[in-house]
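> Okay, predicted coordinates and the sequence, questions at the end:
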Amino acid sequence: MKHIILTRLGIGIVRESFYIQHIEMLKIGLYKSLMAQTSQNFEWYIFVDSQIPKTQLQKLEHLIVGKKNIKICIYNPIQTLRMSPM
C-alpha cells in the first residue's frame, strides 16, 4: 500500500523569515523522519504559496533533488482553488 503525505508550508504567508525558520524545522523533523523510513513506498506533496520567496523555493528544490517520491506543489490561494504539481 502506498501512503500519501500532504504538507502545507506557508500558504498565505510571504515573509522570508517564516520560510527560513519553517524549512529548517521541516528538514530536521519531518524530512529526516521520512527519509529514515525502511519503506519509501509513499508520496509526499509539499504545498507552498505561489508567492514563496525564490531563495526559499530553491532551498526546498535542493532538498528534494533525486527524491522521485517528493513533489513541491505551488498553490495560489487568491487566484485559484486548484492545487497543481510543479
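Here it is on my side, so go on.
> need the helices for the chain, in chain order.
16-26, 32-35, 54-63 (DSSP state H).
> ok, and what's touching the first one?
Put plainly, it is helix 16-26. Identification of contacts with helix 16-26 by Cβ atoms under 8 Å, 6 or more residues apart in numbering yields T7, L9, G10, I13, I46, I52, P53, T55, Q56, K59, L60, L63. For the C-beta atoms, the positions are set from N, CA and C on the backbone; glycine is no exception.
> hang on, the earlier thing: could you point out which of the helices of the chain sits nearest H3?
helix 32-35 (10.0 Å; Cβ to Cβ).
> least trustworthy helix or strand in this protein by mean pLDDT?
strand 84-85 (a mean of 56; mean pLDDT, DSSP states H and E).
> which strand residues sit across from the residue nearest to the spatial centre of the chain in the sheet?
Nearest residue to the geometric centre of the chain (Cα atoms, centre = their mean): I46, 2.8 Å. For I46, the beta-bridge partners are T7, I72 (DSSP bridges).
> related to what we said a few turns ago, switch the helices of the chain over to TSV; also include mean neighbour count, mean pLDDT and distance to P77.
Formatted as TSV, the helices of the chain follow (neighbours: other Cβ atoms under 10 Å; pLDDT from 0 to 100; distance: least, Cβ to Cβ, whole Å):
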stretch	mean neighbour count	mean pLDDT	distance to P77
helix 16-26	15	97	15
helix 32-35	12	96	25
helix 54-63	14	97	16
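> Let me have these in a markdown table, extended by distance to F42.
Output for the helices of the chain, formatted as a markdown table (distance: least, Cβ to Cβ, whole Å):
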| stretch | distance to F42 |
| --- | --- |
| helix 16-26 | 16 |
| helix 32-35 | 7 |
| helix 54-63 | 16 |
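> Nearest to N69 among the ones you listed would be which one?
helix 32-35 (9.1 Å).
> can you give me the offset of that closest one from its chain's centre?
13 Å (Cα atoms, centre = their mean, to the nearest Å).
> Please shift the residue numbers so they start at 617 in all later answers.
In the new numbering, first residue 617, that becomes helix 648-651.
> can you list the residues that contact that helix?
Contacts for helix 648-651 (Cβ under 8 Å, 6+ apart): I621, F658, W660.
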